[in-house]
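A.B. asks: got a structure for you, letters missing:
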């Protein structure tokens, strides 16, 4: 069965939106009578060494957030720059800046955002998420170590409250949100979300022979979710401190169901353009995404190429991009975030993810100009300590 009507145009439109948000350069219009490339040429603007350095940094300096755990799985917070090695396409890069959460003198601090996804979650799930968040916040009376805010995904945008370290204010914000918290959009009519014997079933794509309306709903959810996260990341591209996004819910459809026809090359390239845009926006906003209570709801879990993990490696060829590369789990993996598939002990998951704000490292290095837009770079960060593990961005796309 073909994709729902208008899907290709909508995805292409999303790519255009991303390019606009990312500030695609505009070429000045030329006069039709101009015959020489040097005619009316603007004089060169001299730049100081500092200005040239700033321009290079803006275009070719990669800043990443790194989480490190020791051999026992505890956060490692006493490392130094000399303990780290950064490999970009297997080439060692010089670490140009380094700081830890404990030594961050820039005045920046980690911020935590709790996102409730009404586009892809059932009302029952949303209410359960809100109750658990409330229990976690009421467990202690002390001021929160880091500012926390509540966000709700409605339609194609994330509505976010102002961050606060005051538990009472945060609980008040949550109470207001919870009072009108319910699934929205087409997912509201998908009755299998509310199946009483399997209360956590979210797999719209787990049933063969889906109706055209169900397939169209999957398209809508995918487009709304990716658009919302892209716009949110782009709006926060000037953020100075790490932003930990705890995303509650199953994520969006992979669109790998058999009922969908194979992607055309044009559609694959649109997916790739969108992927480069959202990846760059997430990196520049210093966002790490943790997926909580988020099982892998692939339509055919026995087939590896339909599962979330199939999209973790990134895309080096624009013709190979698929919708699954823009899925929640794929983007969480790309930001170095956690993917917690269990729907039980959600409170423990929240504590685990929020604790990451206590021990992060921020490293930067300079990368060379890219030969092509969206040039794929494999990235690895290693720590010279036995048994230590690192979570960070495993790859990136160079835009220029």
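C.D. replies: Looks like it arrived, so ask away. The structure presented is a predicted model; accordingly, all values stated were derived computationally and were not measured.

A.B. asks: residues touching the residue nearest in space to the middle of the chain, list them.
C.D. replies: Computing the C-alpha centroid of the chain and ranking residues by Cα atoms, centre = their mean puts residue 331 first, at 4.6 Å. Contacts here follow Cβ atoms under 8 Å, 6 or more residues apart in numbering; on that basis residue 331 touches 229, 278-279, 282, 289. For every residue, glycine as well, the C-beta is placed using N, CA and C.

A.B. asks: how about residue 254?
C.D. replies: With contacts taken as Cβ under 8 Å, 6+ apart, residue 254 has the following neighbours: 205, 298-299, 306, 308, 311, 323-324, 327.

A.B. asks: how about CSV for those residues, with distance to residue 80 and neighbour count added?
C.D. replies: Supplementary listing: the contacts of residue 254 in CSV, determined by distance: Cβ to Cβ, whole Å; neighbours: other Cβ atoms under 10 Å:
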residue, distance to residue 80, neighbour count
205, 47, 23
298, 42, 25
299, 47, 23
306, 43, 20
308, 35, 25
311, 35, 25
323, 42, 28
324, 39, 24
327, 36, 27
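
A.B. asks: lowest-confidence entry in those residues?
C.D. replies: Of all these, residue 205 carries the smallest pLDDT score, 36.

A.B. asks: circling back: show me the contacts of residue 331 that map onto strands.
C.D. replies: Taking DSSP state E as the definition of strands, the contacts of residue 331 contribute residue 289.

A.B. asks: for the helix or strand harbouring the residue nearest to the centre of the chain, what is the distance to the chain centroid?
C.D. replies: Using DSSP states H and E, the secondary-structure element containing residue 331 is helix 328-334. On the basis of Cα atoms, centre = their mean, to the nearest Å, helix 328-334 is displaced by 6 Å from the centre of the chain it belongs to.

A.B. asks: packing partners of the helix or strand just after it?
C.D. replies: For helix 328-334, the following helix or strand on the C-terminal side (DSSP H and E) is helix 346-355. The elements that helix 346-355 packs onto, with contact taken as 3 or more Cβ pairs under 8 Å, 6 or more residues apart in numbering; DSSP states H and E, are helix 123-138, strand 243-248, strand 287-292.

A.B. asks: how far off centre is helix 346-355?
C.D. replies: On Cα atoms, centre = their mean, the centre of helix 346-355 falls 18 Å from that of its chain.

A.B. asks: let's have the chain start at 885 instead
C.D. replies: Okay, residue one is now 885; in that scheme the one you just asked about reads as helix 1230-1239.

A.B. asks: contacting residues around that helix?
C.D. replies: By Cβ under 8 Å, 6+ apart, the residues outside helix 1230-1239 that reach it are 959, 996, 998, 1012-1013, 1016-1017, 1019-1020, 1030, 1032, 1128, 1130, 1132, 1174, 1176-1177, 1222, 1224, 1226.

A.B. asks: residue ranges with poor pLDDT in this structure?
C.D. replies: 885-943, 986-992, 1073-1093, 1284 (pLDDT under 70).

A.B. asks: and the longest helix belonging to it, which residues are buried?
C.D. replies: As far as residue count goes, and with DSSP state H defining each element, the longest helix of the chain is helix 1096-1119. Neighbour counts over helix 1096-1119 (16 or more other Cβ atoms under 10 Å) mark 1098-1118 as buried.

A.B. asks: one more: stretch 1119-1130?
C.D. replies: Taking 16+ other Cβ under 10 Å as the neighbour-count basis, stretch 1119-1130 is seen to contain the buried residues 1120-1121, 1125-1130.

A.B. asks: residue 1000 - that's part of a helix, no?
C.D. replies: No. Assigned with DSSP: H, G, I helix; E, B strand; the rest coil, residue 1000 falls outside any helix and is strand.

A.B. asks: mind checking which of the contacts of helix 1230-1239 are buried?
C.D. replies: By 16+ other Cβ under 10 Å, the contacts of helix 1230-1239 give 996, 998, 1012-1013, 1016-1017, 1020, 1030, 1032, 1128, 1130, 1132, 1174, 1176-1177, 1222, 1224 as buried.

A.B. asks: which residues in this structure form helices?
C.D. replies: Assignment of helices within the chain using DSSP H yields the ranges 891-905, 933-944, 1007-1022, 1051-1063, 1096-1119, 1149-1168, 1212-1218, 1230-1239.

A.B. asks: and residue 1254, its phi and psi?
C.D. replies: The phi and psi torsions at residue 1254 (degrees, to the nearest 10) take the values phi -80, psi 150.

A.B. asks: neighbours of the residue lying closest to it once chain neighbours are set aside, how many?
C.D. replies: With sequence-adjacent residues excluded and distances taken as Cβ to Cβ, 6 or more residues apart in numbering, residue 1254 is closest to residue 1282, at 3.6 Å. Residue 1282 has 21 neighbouring residues, counting by other Cβ atoms under 10 Å.

A.B. asks: what sits against residue 1282?
C.D. replies: For residue 1282, counting by Cβ under 8 Å, 6+ apart, the contacting residues are 1251, 1253-1254, 1258-1259, 1261.

A.B. asks: one more: residue 982?
C.D. replies: Taking Cβ under 8 Å, 6+ apart as the definition of contact, the neighbours of residue 982 are 964-965, 968, 1245-1248.

A.B. asks: distance of the residue nearest to residue 1254 from residue 1144?
C.D. replies: When distance is defined by Cβ to Cβ, to the nearest Å, residue 1282 is 31 Å away from residue 1144.

A.B. asks: ok, now residue 949?
C.D. replies: Shown here: residue 949 relative to residue 1144, a distance of 35 Å by Cβ to Cβ.
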